[in-house]
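Student: Sequence first, then the predicted structure, then my questions.
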Amino acid sequence: MVLMLSLNTALAAPSIYTQHANFIAELPGDGASLSFDTLPADTLLPSGVWLNGITFHYDFGGVMLKVGSENTAGYSTTSSSNFLGTNDADILQDGDNITMSFSPVNAIGLYIISNDDLLDNDVTLNAGGTSVSLVAANLQATLADGSSVYFLGISDSLASFTTASLTTPGNGEFLFNVDDIITAVTASANQTATVHLNGGNATAISNFEYDGVVFDVAFEYGTFGEVNTGSNFPYYGQESNDYYYVLSEIISLLNSAGATGVDAGGVITTGVAMPQILSWELPDMNNVVVSEYISMWREPSYGYAPLSSQQVWVTLTPSPAASVKRLSGLSDVSGDGVADLAHILESSTSTVEIVSGSDGSTVRQIEFFGDDWTAIAISTLEDGNLDGIANDPAVAMLARNVLSGMHRVRVRDGFTGNRIGGDITFFNSSYTGIDLAVLNDHNGDGVPNDPSLAVLARQDTGRVAVLLKSFADGAVIGNWTFTKADFDALAVEGVSPAGGVPAISVLYRNSSTGKSRIRTRRADNGQWMQGIFVAGSTRDPSDFAVFTDLNGDGTKDDQAYAILLKVEGGNNRVRFLNIGSGDMIKEMLLLSGSWEMSSLAVLPDTDSDGFDDLAGEADRNAGEENIIKVRDFETEDTLLNVFH
C-alpha cells in the first residue's frame, strides 16, 4: 500500500534542465534518489515493478529491465556500482522507451550514460505537460570507461505530476543506460492523500493462484479523514508496513471464509516494497465472493507518519479460468511405427506425458520446469537436432513463472527428455501467455531444419500480440499486433503451405458479436494475409490446428484449418476450412456435449490410410475425468480413447 500525495495548488509553467547542478540548486523540495545500488546486481525488473516509489512500465518485446553493475557488466556509471540496464547485454538501446508512474511529485531528473556519440534530441524526458531533450554539448562528465554522462530534468514548484516517460527515436542507432533518478515534492500546508496499490493506478490485484484456481482481489477506496502532513512525509518504510498490513487483513478474510493451505507464497515479508504473491484454497472453488471493509488507521509512528484513516472495500472473486493448451501430436517415439501424442498432465504444473498413438499406453513422462512455473501450452518440433531429417521429434513448452511473471519456452527431446538448447525468453509480466506454435519450416523450402517459435499473449493494456523467435538462436523475427482489445484471442498456429509463404495464424472471437475469425500474417515480414470467417455466435471456438494433407497424396498443397467448436447447448465439433479460400470442407463430431474440450491436435496418419488424423482432449465432472479421443479424418471413426 503506497500513500500518494496530490497538491491542490495553481498551475505554473515547468522548468527544464540539461545541467544537473542547476536542477539540484532549484529543487522545489527535499529530493529522493533511486540509484539502484541497494538492489542485488542482475535483479530482473519486470514491467510494473515498484522501486522506491516509482513504478516502471515498458514493453521491450521480451527483454527485461535489469539492475546492471560496473563489477560484472564492465560499464561505468555515475553512482557506483549499479545502474538501470536490461538483460540484453546489460544495456538499453534506441527504441527502449520507459514510462514511470509515482505519487505526485514536483520534479524529476535522471542521468543518461552512453559510450556512443549521442546527438541532440536522441533521448527525451517527458513530464508535467512538457519535455526536455538531450543536448550533446551539455556533457556532465566523462567516466572511467570513456562513457559520456548527460542529464535531463523537469521541475514545477507549483504543479505536480504522476507520470514521466523516457523516449528515443527508435532507430536502433545507439546504446545507453540510466542512473540516479531524482524526484522531489514541494512542501504544502494544503495536502490530501489518496491510496493506490503497488505505486500505480491499479485498483485490483489479478492472478492470485492456488492449485489451479486463480482469483482477483479488487479494492475500492473510501476517503481519508484529517491529514496532518509532516516534513518527513511520505516515509517509504512506513508505507511498506501499511501495504503488508492490508495484505495481512486479506489473509484474515480468507481464513474467516474457510480458506486453508496458505503456503510459503503467502508469507508477508517486511521490508520488501514489491507485491507479495499470496496463495490460498477455498472450500467452494467455483463460487467464492468475500467482501468486507478493512479500516486502516495510520497513527504517528516514530515521527514519520501523520494521523489518517482509510476504509478499503475488498472483494475476492475467482478469475476466469485460463484454458491450458494441453495436447500436441508428434511422430513416433514409442517405436511401434505409429504417431504418438504429448499432453500436459492435469495433476502437474509442467509435466508432459507422451502417449502411444496405437494403444494409449504411457511411453514416458518428461518434467519441464520446477514448482515455480505453470505450463500454458505445448507444441512439437519435427526436427529437434536441426539436421533436416524429421525423425527426432521434440516437445516445446510455454510456461510462466509465478513469481516474476516472465514467460519462457523450453524444448526437450521426445526420446530422452533431455533439454535441447537454452530457454528462450518471451513476454514479461505485463503479458499473459495464451498459446504456443512451432513453425517447423520457417523459410518454406520444405526442409524442417529452421523452426521458429510463436507465442500468443495479451498485454495488460489489451494488446494481443504474437512474438516470433528463431529456435536456433532466440533472435526476434517479429512482434506483431493481431487483434483489437475487445477480441478474445484463443490460439496460434504456424502454416507452411507447399510452394507458399510460411505464415502465423491466430484464432479469435469478437466478444461483442460472438463471431469468430482467423487472421494471418506472413512469418517473414508480418504483412497481413487473408482473413477467414470461422463461425457465428452459436458456436464457441476454443482451439484450432492445421491439416497439412487433406487428400493423402503426400504433398502440402491442400491444407485446412481444423477449428474446435462448442455448439450452443450441444456437442464438440470440428469444422474444416480451406486455408486458401476459407471454404468449408466438412464438419465432424469429436465429442459429446458432456465433455468440455480445451485442446485439438493433428496426428501424422495413425492408421496408415494416407490421411492425418485428429485428436482432442477434454474434461468433465470438474476435471475428475479426462479423455484424449482420436478420430479418423476420412471415416470419422474413433481410433483411440485414452482415459485419465
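Tutor: All right, it came through fine. Numbers count the residues shown, from 1 in each chain.

Student: Run through who's touching the host helix or strand of Val132.
Tutor: When elements are assigned from DSSP states H and E, Val132 belongs to strand 130-133. Residues outside strand 130-133 that contact it (Cβ atoms under 8 Å, 6 or more residues apart in numbering) are 13-14, 16-18, 120-125, 152-154. All C-beta atoms are positioned from the backbone trio N, CA, C, and that covers glycine.

Student: most neighbours, which of those?
Tutor: Counting neighbours by other Cβ atoms under 10 Å, Leu152 leads these with 28 neighbours.

Student: re the thing from before, moving C-terminal of the strand holding Val132, what's the next helix or strand?
Tutor: Assigned by DSSP H and E, the successor of strand 130-133 is strand 141-142.

Student: That next one pairs with which strands, parallel or anti?
Tutor: When sheet partners are counted by DSSP bridges, strand 141-142 sits next to strand 148-155 (antiparallel).

Student: I'd like the average pLDDT over the strand it pairs with.
Tutor: What strand 148-155 shows for mean pLDDT is 96.

Student: now the next helix or strand after it and strand 148-155, what's the angle there?
Tutor: Of the helices and strands lying after strand 148-155 in sequence (DSSP H and E), the nearest is strand 161-167. Relative orientation of strand 161-167 versus strand 148-155 (axes from the mean of the first three to the mean of the last three Cα atoms, to 10 degrees): 150 degrees.

Student: And whichever helix or strand comes after strand 161-167, how far out from the chain middle?
Tutor: The first helix or strand that comes after strand 161-167 along the chain, using DSSP H and E, is strand 175-184. Put simply, strand 175-184 sits 26 Å off its chain's centre (Cα atoms, centre = their mean, to the nearest Å).

Student: So which elements touch strand 175-184?
Tutor: strand 31-34, strand 82-86, strand 92-93, strand 98-105, strand 107-114 (3 or more Cβ pairs under 8 Å, 6 or more residues apart in numbering; DSSP states H and E).

Student: Show the average pLDDT along the helix or strand that the first one is followed by.
Tutor: Same thing as strand 31-34. Heading C-terminal from strand 31-34, the first helix or strand you meet, by DSSP H and E, is strand 44-45. The predicted model gives strand 44-45 an average pLDDT of 88.

Student: go on, stretch 506-514?
Tutor: Mean predicted confidence for stretch 506-514 is 89.

Student: quick one on the thing from earlier: in the strand holding Val132, what counts as buried?
Tutor: 131-132 (16 or more other Cβ atoms under 10 Å).

Student: coming back round to it: dump the helices and strands packed on strand 175-184 into CSV; add mean neighbour count and mean pLDDT as well.
Tutor: As requested, the helices and strands packed on strand 175-184 are exported to CSV (neighbours: other Cβ atoms under 10 Å; pLDDT from 0 to 100):
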stretch, mean neighbour count, mean pLDDT
strand 31-34, 17, 80
strand 82-86, 26, 94
strand 92-93, 24, 94
strand 98-105, 22, 86
strand 107-114, 25, 96
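
Student: so what's the spatially most central residue of the chain scoring on pLDDT?
Tutor: For the chain, Tyr431 is the residue whose C-alpha lies nearest the centre (Cα atoms, centre = their mean; 2.4 Å). Looking at Tyr431, its pLDDT stands at 86.

Student: What is the burial count for the nearest residue to it once chain neighbours are set aside?
Tutor: Spatial nearest neighbour of Tyr431, excluding adjacent residues (Cβ to Cβ, 6 or more residues apart in numbering): Ala457 at 4.1 Å. Residues lying near Ala457 (other Cβ under 10 Å) number 26.

Student: Now do Ala457 against Leu590, distance only.
Tutor: In this structure, Ala457 lies at 27 Å from Leu590, with Cβ to Cβ, to the nearest Å as the measure.

Student: Check Pro40 too.
Tutor: Counting by Cβ to Cβ - Pro40 and Leu590 are separated by 51 Å.

Student: who's more crowded, those two?
Tutor: More crowded of Pro40 and Leu590, by other Cβ under 10 Å: Leu590, with 23 against 8.

Student: The more buried one belongs to a helix, doesn't it?
Tutor: No - assignment of Leu590 by DSSP: H, G, I helix; E, B strand; the rest coil gives strand, placing it outside any helix.

Student: I'd say it and Ala601 touch.
Tutor: No - Leu590 sits out of contact with Ala601 when judged by Cβ atoms under 8 Å, with a separation of 11.4 Å.

Student: Mind listing the shared neighbours of these two?
Tutor: With Cβ under 8 Å, 6+ apart as the test, Leu590 and Ala601 both reach 614, 616.

Student: if we can go back for a sec, hmm, the residue nearest to Tyr431 is touching Ser430, no?
Tutor: No - Ala457 is beyond contact range of Ser430, at 9.4 Å (criterion: Cβ under 8 Å).
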